[in-house]
Structures are given as C-alpha cells and as structure tokens.
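okay, structure incoming, though there's no sequence with it:
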C-alpha cells in the first residue's frame, strides 16, 4: 500500500466543492458574469456547409431576444422575466434564474456574415452561420494518363 502525505487544504477544497455542487448556485464563468445575470446553455455544431448554434431559452419570448453580428462577434441578448408572485403563494424551492443575459461568441473567419439566419421555436434559438463558398470543401476529379 502506497503512503500519501495528508494535505488538509486539499480535503477542505474537496469538501467545499462537493457542498457547492449540492447547495450552491450553478457555476458561472467570469466571462459570463461580466455580461449578464445568467447565461443560457449553448451547443455549437459544425457541418460541411455551416455552423449551427443552439441556445436553450425556456420562458423567453421571441420578441425579448436580440441576435446580432458586429466585428466578427455573434451576440445574443435578452431577458427572462420572473412572473409576478402573490403573497398567498408559497414556494419550497426556486432554482430557475431570471434576469438579463448576454452571450458573445467569436464567429469563425470562414463564415459568410451576410447570410446568417436565426429562428426561434419551442424555447430554442437556432442560429445558422453558413460557410463562405471559398471555404466549402470541394472534390476535384484527377485524370490519370
């Protein structure tokens, strides 16, 4: 059996991270905290012809979301508003986050920024970032003599 040196600080850090996992708020990076009160979860997928970005925005109205591209940066902005509560309602747990959000992502250089499209359906924002024609892979037939 291998002997290990006891490090009380490592054990405290492990205990702290376990407690935060169960009791604390969701982890937010410094970048996200600087822009808004919360940040929607996102997936970014690459296909041969485009990049597809999907963001989960439950309880956010289509009119409350702004999508824009400026200097090679795609920005998503909006707000999830909390429903008005009455004094007669009693909550046992509130975990959903409300407030403004902003997500900014650098757009790859091979994207045709003039053809970016976005649609919003069932609480999911989908942004299509088509690749420029020069960046799309092509096959070339080579004739052997």
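That came in fine, so what should we check first? These numbers were taken from a predicted model, which means no experiment stands behind them.

where exactly do the strands run in the protein?
Ranges of strands in the chain, per DSSP state E, are 42-46, 50-56, 66-70, 73-80, 99-106, 117-121, 124-130.

make a markdown table from those strands and add distance to residue 89, mean neighbour count and mean pLDDT to it.
Glycine gets a C-beta too; all of them are placed from N, C-alpha and C. Listed next are these as a markdown table, based on distance: least, Cβ to Cβ, whole Å; neighbours: other Cβ atoms under 10 Å; pLDDT from 0 to 100:
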| stretch | distance to residue 89 | mean neighbour count | mean pLDDT |
| --- | --- | --- | --- |
| strand 42-46 | 32 | 12 | 93 |
| strand 50-56 | 26 | 18 | 94 |
| strand 66-70 | 31 | 13 | 91 |
| strand 73-80 | 19 | 18 | 91 |
| strand 99-106 | 20 | 15 | 90 |
| strand 117-121 | 29 | 13 | 94 |
| strand 124-130 | 29 | 19 | 95 |
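
mind putting these into JSON lines with distance to residue 12?
As requested, these are exported to JSON lines (distance: least, Cβ to Cβ, whole Å):
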{"stretch": "strand 42-46", "distance to residue 12": "33"}
{"stretch": "strand 50-56", "distance to residue 12": "34"}
{"stretch": "strand 66-70", "distance to residue 12": "43"}
{"stretch": "strand 73-80", "distance to residue 12": "35"}
{"stretch": "strand 99-106", "distance to residue 12": "32"}
{"stretch": "strand 117-121", "distance to residue 12": "45"}
{"stretch": "strand 124-130", "distance to residue 12": "40"}
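
tell me the mean pLDDT over the longest helix along the chain?
In the chain, assigned by DSSP state H, the helix with the most residues is helix 8-23. In this model, helix 8-23 has an average pLDDT of 78.

you'd agree residue 97 is up against residue 80?
Yes. The criterion here is Cβ atoms under 8 Å, and residue 97 meets it with residue 80 at 7.5 Å.
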